[in-house]
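>>> Okay, predicted coordinates and the sequence, questions at the end:
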Protein chains: 4
Amino acid sequence: MALPQEFLDTRNKVRNWGRWGDDDVLGTLNLLTDEAVAAAAAEIQTGRRFSLALDLKLDGVQLGAVPGRVNPLRTMVAINSGMSPDADSFKTSDDVVFMGLQAATHWDGLGHVSYSDTLYNGIPAHTITEWGATRVGIENVKTLTGRGVLLDVAKQHGVDTLPLDHVITAEDLDAAAAMGNIEMRSGDIALLRTGLMAQYHAGQKEVYNGWTGSPGPGLSAVEWFHENNIAAAATDTFIFEIFPSELDDAMLAVHMLDVVDMGLTQGQNWDMEALSADCAADGRYSFFLEASPQPFVGGCGSPVNPVAIK
Amino acid sequence: MALPQEFLDTRNKVRNWGRWGDDDVLGTLNLLTDEAVAAAAAEIQTGRRFSLALDLKLDGVQLGAVPGRVNPLRTMVAINSGMSPDADSFKTSDDVVFMGLQAATHWDGLGHVSYSDTLYNGIPAHTITEWGATRVGIENVKTLTGRGVLLDVAKQHGVDTLPLDHVITAEDLDAAAAMGNIEMRSGDIALLRTGLMAQYHAGQKEVYNGWTGSPGPGLSAVEWFHENNIAAAATDTFIFEIFPSELDDAMLAVHMLDVVDMGLTQGQNWDMEALSADCAADGRYSFFLEASPQPFVGGCGSPVNPVAIK
Amino acid sequence: MALPQEFLDTRNKVRNWGRWGDDDVLGTLNLLTDEAVAAAAAEIQTGRRFSLALDLKLDGVQLGAVPGRVNPLRTMVAINSGMSPDADSFKTSDDVVFMGLQAATHWDGLGHVSYSDTLYNGIPAHTITEWGATRVGIENVKTLTGRGVLLDVAKQHGVDTLPLDHVITAEDLDAAAAMGNIEMRSGDIALLRTGLMAQYHAGQKEVYNGWTGSPGPGLSAVEWFHENNIAAAATDTFIFEIFPSELDDAMLAVHMLDVVDMGLTQGQNWDMEALSADCAADGRYSFFLEASPQPFVGGCGSPVNPVAIK
Amino acid sequence: MALPQEFLDTRNKVRNWGRWGDDDVLGTLNLLTDEAVAAAAAEIQTGRRFSLALDLKLDGVQLGAVPGRVNPLRTMVAINSGMSPDADSFKTSDDVVFMGLQAATHWDGLGHVSYSDTLYNGIPAHTITEWGATRVGIENVKTLTGRGVLLDVAKQHGVDTLPLDHVITAEDLDAAAAMGNIEMRSGDIALLRTGLMAQYHAGQKEVYNGWTGSPGPGLSAVEWFHENNIAAAATDTFIFEIFPSELDDAMLAVHMLDVVDMGLTQGQNWDMEALSADCAADGRYSFFLEASPQPFVGGCGSPVNPVAIK
């Protein structure tokens, strides 16, 4: 079954293979230059900080749709345990966790998606082995920090939550940027808000998981990411992209174009609710963002605690 | 067995119980105010970034000394797996991990240490249960960011690595700050470098683990942390503090005073080697530091990827 | 709060401390003598075999009521993976599992229950540490095999499932043995059938878990176990015993008396449905039973695949 | 690279595809008929029992050679934990484990090996997915019990341990059976003893793991298994078969022929030391064997506690 022509047309516009060298494994994160980071420091003005991470807990986001991607199960291995029975001596408590690397607020690494037997930059898909992503493991991303911009599409549309079938388009993103008074810069990290996270907080996990459809970026948004030289993009949804896809014959087309063709690191399950309220209050939709992944060798993704600082 | 008088004398000086209210569960992290963070932004000048995290891998730091605290075992649960057999369709790879929360570069949360049946702020030790730290879980620390200062004690002593029995004293810390031309501020995050990490990189894991002794801060350093209103402190060692302890009858005395009495969040296994070289090169030993933990509900610690930005 | 008099009366009758020596860690499993096993061989007549284990899977028995006791999560670590890319060469698939030792069909080891700071045989409860059951670990039970008898209380009462508040009494057990034409012998392994397992198979997991009450043995059944020199006992329920307990002030009284006082190894979640049908068909309610636990060092329980052979 | 002619010749003799129907997923375990099991009961004479399982512990057999196949890490999730703080009330201890299904004493299921894109009975190798062995999962083996025979090749050769390069041949197996006065029967479960397990007990784990070579069955032994209608076979080694292989161009040839062509369930790391001494003492080398796997749905293997009863 051939890929649809509309998919191929978009791909021709956004593919970044070779752009940062044949050996590149970072993709658009190359846009996070020293200069971009230094300029982003000016966003820190009041020192207010916002964690965009969901709590890591067993009763978390995952409902079982992705086999093996389990919510964090943290268990104790020591509870006030001492080398001496003397009550006044040192006692320690320690814990371990079992979790999917993409269980909660996370980044999709470039090893997470392949198609036509190929990863980003033409790297063969078979380099993903039982050892993990042997070429494009997330440990290659040492740091991920720069200017973040909140593209509050829900607010721009005047709704709490976008309809479940709302395709976020390039026009939506331009309008959200305009509402936020943002001039996009190369290396910006784009945070797209649909408002769907409120469903999760309300206990509507099936809705949040997208079982009845999920709003998210469509094909024109992919082109917009490329034209605006976005370094990374995140949403406040489980699936990231519009679901079902715009194209019948290319399920998860945005994942394919973003990760494989553009080399874009994608974030999911980012909680932008408090940040959205703050941006609405002070009218500033840009901020310093620190969202470095954990350096799992061979990892196809990583949990992240993204921190926005204004 | 009574606690030694010298321990009690130090405790009287550094105990912060009640300082931020009877219900406080953050301790010295309260010093990371909006103002401190806003001021720290001035440290970002060139945009150079340094990850201080060790790679997360099975062949990591842990050698088995702490029961259950296992190195990260990451395993694949999907390898280029698709919902359709069509080669041109979306394929995904996913992974899970089992690891000690304190296995590699990490923070000790305030639930990690107790003595005399008590945690920080007088909270009963029995609030650590099979559910974890029910009162002082690390999820309470939403963000951990501010000004970092490298106190390069090894360099100040003119050695690559401090001797294994070197007690880092208040005088050492003053001298290292002076060498770095640093005026300490309330809310600074102190990074103490012994140089021991080079042993880990050289494959000398037993030495690095401190089986033959480990350099680290002693009792006078604890007082120094308190007098200088340090928000958090980290070392480039496995044990954190001088080992064996200065006091025969109070093993891991610094842990007890830091975590239980002062409410200090402690970092271990931080790799400061590249940062040290850079600070020596440009003469700047202060920087913006982002080191927020992962929000494990009830967690007694958390892996962290600390990022220094200059 | 003192233990109720009725509890203490039963305890006086059934406590086996010292019966097999002060150092004993096996309890009633001592009744599985060579002679008892040799005699049990006569039960094998046709060679028909019945596995009494539930499938081990993520969608299993556990619903989260017991913190940390997770259903088995099995994940692949190699899928048709080879050392050579040659298609004709050896390829291997391998898997790992994370699971509660008591997640599915299992034995409660003697480390599983304590009260009044004490385990079976007066062993201090503090010998259960972060290392596990350091004295009474389930690895001490090398083998667990002998004559099994099905005490089909549901069938004897003429019902598919006992009412949720049905207390299995000594009289019930005598009647069930009589129905099965069984003369009880020292060292018999008693399988008590309530029929509740049918609820699990029907997808009624909350009912099966006993959230609305669970039938099971009460205090007089404990005495019956003792008088009949039962080596081990198992039920087809999640909780094992009648729930809520007969005594208001001694929740899980049967667990306490069985495991701590009598030293009885208890089985839960045993699927006796097919075996029950077969026993009804041929009128033989006794069989050879092999149900050795896995030798987890320090384990407080173990999964088991009990096999009845007729 | 073509498979060697000698490999193909053996394959022609031993392949069982279609022998038990096109849908069969049990292979030679079909030979464990009711009749075979009933006859095996006569082996139980004294009631003496031998567990052939190694202790399950972190300091176990695995040294890291097989990625992801980790030794059992058992951790506590509750330690004398109660719903009430009353000391006299019910307290419970519970544990979880993370382990490779083939970490210690185990069975290789029919999903464990493929070659030429094919599993046993011509089932496509791609039926092994991230969900596990979707066609030949080890849960299909409900029970595994019958007559066991100890083929004590080491003792027959008059040595404690066979030389590391000793290929166990058909002649060796005939000689060991003759020494044990055994007439082989269809459905026998063959236990091949090399004596290598003594190296493991002596702490020589690298030797035991076969890093310097391992004795084990070669090609003629595979034919012997087939001719004698063996139901399953196990060794007291890590690798199972002679290593390096007899054929330069077919590494692990015995695995390929046994599992893929013959449909033989293979056991590894079986501890036969005490059983060997007992058989030598009483001259009886046959016994009742119960060695049912745990029913992991989709499992490619399973831990097992094999119990020999004489």
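It's in.

>>> CA atoms for contacts and neighbours, from now on please.
Will do.

>>> Just give the closest residue to whatever residue of the stretch 151-300 of chain A ends up closest to chain D, not the sequence neighbours.
For the stretch 151-300 of chain A, the residue closest to chain D is A:Gly298, as judged by CA to the nearest CA, at 12.8 Å. If the residues on either side of it in the chain are set aside, A:Gly298 comes closest to A:Gly137, at 3.9 Å by CA to CA, 6 or more residues apart in numbering or on different chains.

>>> if we can go back for a sec, count residues in the vicinity of the residue of the stretch 151-300 of chain A closest to chain D, would you?
Using other CA atoms under 10 Å in any protein chain shown, A:Gly298 has 27 other residues around it.

>>> Which pLDDT value belongs to the residue nearest to A:Gly298?
Here the pLDDT value assigned to A:Gly137 is 98.

>>> So A:Gly267, which state does it fall into?
With DSSP: H, G, I helix; E, B strand; the rest coil as the basis, A:Gly267 sits in strand.

>>> bridging residues for it?
The partner list for A:Gly267 in beta bridges (DSSP bridges) reads A:Trp107, A:Ala234.

>>> residue contacts, it?
For A:Gly267, the contacting residues are A:105-108, A:232-235, A:240, by CA atoms under 8 Å, 6 or more residues apart in numbering or on different chains.

>>> would you list the residues you listed in CSV and tack on pLDDT, neighbour count and distance to D:Ser93?
Output for the contacts of A:Gly267, formatted as CSV (pLDDT from 0 to 100; neighbours: other CA atoms under 10 Å in any protein chain shown; distance: CA to CA, whole Å):
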residue, pLDDT, neighbour count, distance to D:Ser93
A:Thr105, 98, 28, 32
A:His106, 98, 26, 34
A:Trp107, 98, 28, 37
A:Asp108, 98, 26, 38
A:Ala232, 98, 26, 46
A:Ala233, 98, 21, 45
A:Ala234, 98, 24, 42
A:Thr235, 98, 29, 42
A:Phe240, 98, 25, 41
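
>>> of all those, which two lie farthest apart?
A:Thr105 and A:Ala232 (14.5 Å; CA to CA).

>>> and after the helix or strand hosting A:Glu6, which helix or strand comes next?
Here A:Glu6, judged by DSSP states H and E, is contained in helix A:5-14. Heading C-terminal from helix A:5-14, the first helix or strand you meet, by DSSP H and E, is helix A:34-40.

>>> And that next one, what's buried?
A:34, A:36-40 (16 or more other CA atoms under 10 Å in any protein chain shown).

>>> what subset of these is also close to chain B?
A:34, A:36-39 (CA under 8 Å from any CA of the partner chain).

>>> Pick the one among those closest to C:Leu58.
The nearest member of those to C:Leu58, counting by CA to CA, is A:Val37 at 44.3 Å.

>>> if I pick that closest one, what's in contact with it?
With contact set as CA under 8 Å, 6+ apart, A:Val37 has these partners: A:145-147, B:46-48.

>>> mind running it again at 6 Å?
A:146, B:47 (CA atoms under 6 Å, 6 or more residues apart in numbering or on different chains).

>>> what's the answer for A:Phe287, then?
Listed by CA under 6 Å, 6+ apart, the contact set of A:Phe287 reads A:43, A:147-148, A:309-310.

>>> from these, which is closest to B:Ile168?
Using CA to CA, those come closest to B:Ile168 at A:Ile309, 33.9 Å.

>>> need the contact list for the closest residue to chain C within the stretch 101-250 of chain A.
For the stretch 101-250 of chain A and chain C, the shortest gap (CA to the nearest CA) falls at A:Glu130, measuring 5.0 Å. By CA under 6 Å, 6+ apart, the contact set of A:Glu130 is C:77-78.

>>> Apply 10 Å and report the result again.
Neighbouring residues of A:Glu130 by CA atoms under 10 Å, 6 or more residues apart in numbering or on different chains: A:298, B:74-79, B:95, C:76-81, C:93-94, D:67-68.

>>> A:Ser81 and chain B: what is the separation?
Separation of A:Ser81 from chain B (CA to the nearest CA, to the nearest Å): 9 Å.

>>> what's the answer for A:Gln45, then?
Separation of A:Gln45 from chain B (CA to the nearest CA) stands at 6 Å.

>>> count of neighbours near that residue?
Neighbourhood size, A:Gln45 [other CA under 10 Å]: 17.

>>> Contact residues of the stretch 1-150 of chain A facing chain D?
Counting by CA under 10 Å from any CA of the partner chain, the residues of the stretch 1-150 of chain A lying close to chain D are A:67-68, A:74-79, A:95-96, A:98, A:130-131.

>>> so where's the stretch 51-200 of chain A shaky on pLDDT?
Within the stretch 51-200 of chain A, no stretch has pLDDT under 70.

>>> mind listing the strands for it?
A:73-81, A:91-100, A:106-108, A:113-114, A:128-129, A:132-133, A:145-151, A:167-168, A:189-192 (DSSP state E, counting those that start in this stretch).

>>> Out of these, which one sits most buried?
Among those, ranked by average contacts under mean count of other CA atoms under 10 Å in any protein chain shown, first place goes to strand A:113-114 (a mean of 30).

>>> which other helices and strands contact it?
strand B:73-81, strand B:91-100 (3 or more CA pairs under 10 Å, 6 or more residues apart in numbering or on different chains; DSSP states H and E).

>>> Pull up the pairing partners for the shortest one, direction included.
According to DSSP bridges, the neighbouring strands of strand B:73-81, each with its direction, are strand B:91-100 (antiparallel).

>>> Now the partner strand - C-alpha only, CSV.
Written as CSV, here are the backbone C-alpha positions of strand B:91-100 (Å, rounded to 0.1, in the frame of the first residue of the first chain):
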residue,chain,number,x,y,z
LYS,B,91,6.2,1.5,13.4
THR,B,92,7.0,2.2,17.0
SER,B,93,9.6,1.2,19.6
ASP,B,94,9.0,1.6,23.3
ASP,B,95,10.9,0.8,26.4
VAL,B,96,10.5,0.3,30.2
VAL,B,97,12.9,0.6,33.0
PHE,B,98,13.5,-0.9,36.4
MET,B,99,15.9,1.2,38.6
GLY,B,100,16.7,2.5,42.0
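
>>> Distance from it to the middle of the chain?
Computed by CA atoms, centre = their mean, to the nearest Å, the chain-centroid distance of strand B:91-100 equals 26 Å.

>>> A:Leu289 against A:Val149, yeah?
Yes - counting by CA atoms under 10 Å, A:Leu289 touches A:Val149, with 8.7 Å between them.

>>> what sits in contact with each of these two?
Shared contacts of A:Leu289 and A:Val149, counting by CA under 10 Å, 6+ apart, come down to A:188-189, A:308.

>>> Tell me the one of those nearest chain B?
When the shared contacts of A:Leu289 and A:Val149 are ranked by distance to chain B (CA to the nearest CA), A:Ala308 comes first, at 9.5 Å.

>>> For that closest one, give me its contacts.
Applying CA under 10 Å, 6+ apart, the residues near A:Ala308 are A:43-44, A:47-52, A:145-149, A:272, A:275, A:286-291, B:143.

>>> Can you verify it is assigned to a strand?
Yes - using three-state DSSP, the assignment for A:Ala308 is a strand.

>>> What sits closest to it if chain neighbours are left out?
Nearest to A:Ala308 is A:Leu289, by CA to CA, 6+ apart, at 4.6 Å.

>>> Are we agreed that that neighbour is in a strand?
Yes - counting by three-state DSSP, A:Leu289 is part of a strand.

>>> contacting residues for it?
Neighbour list for A:Leu289: A:37, A:40-41, A:43-44, A:49-51, A:144-149, A:188-189, A:306-310, B:290 [criterion: CA under 10 Å, 6+ apart].
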